[in-house]
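1. need a structure here:
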Amino acid sequence: MRFHTRKWVKPEDLNPNGTLFGGKLLAWIDEELALYTIIQLENTRVVTKYMSEINFKSSARQGDIVEIGIDVVKFGNTSLVLTCAVRNMMTREIIITIDQTTMVNLDENGKPKAHGKTQIEFVKDRI
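-> As a prediction, the model looks like this:
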């Protein structure tokens, strides 16, 4: 799994228990999955269609640095299925896993659109 993004857990990210609020973490994950999909499919019109079970394994506290990791599970006709894990950067302890998230490629009218991609591409290889 490639870990693409790091986030620093700040006071405004905490729940009343003093740990990272799950909703904040899920927002970070959703944004990262969308950005990854936009880059892979070369289209800014993508949406999250489905997330499988979300498994919180540990928590993060103020000052922790977390990393978001993503891998491609499969390329669909109009979609990209991704897996995700978030870990504590310093301890490498897994905080959350999501086995499958389906991101859908859309046309200018907001309808699913075939993307024609079949494998991971790196921006440096497109230039």
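
2. quick check, central residue of this structure?
-> Leu33 (3.1 Å; C-alpha atoms, centre = their mean).

3. secondary structure element holding that one?
-> Here Leu33 sits within helix 22-41, counting by DSSP states H and E.

4. tell me how far the lowest-mean-pLDDT helix or strand in the chain is from the chain's mean position?
-> Ranked by mean pLDDT, DSSP states H and E, the weakest helix or strand in the chain is helix 123-126, scoring a mean of 70. Computed by C-alpha atoms, centre = their mean, to the nearest Å, the separation of helix 123-126 from the middle of its chain amounts to 21 Å.

5. would you mark the buried spots in it?
-> For helix 123-126, burial by neighbour count (16 or more other C-beta atoms under 10 Å) applies to no residue. Quick note: C-beta positions are derived from backbone N, CA and C, even for glycine.

6. pull out the buried positions in the helix holding Leu33.
-> 24-26, 28-30, 32-34, 36-37, 40-41.

7. for stretch 65-72, same thing?
-> Neighbour-count burial for stretch 65-72 [16+ other C-beta under 10 Å]: 66-70, 72.

8. so Glu67 touches Arg87, yeah?
-> Yes - using C-beta atoms under 8 Å, Glu67 is in contact with Arg87, at 5.5 Å.
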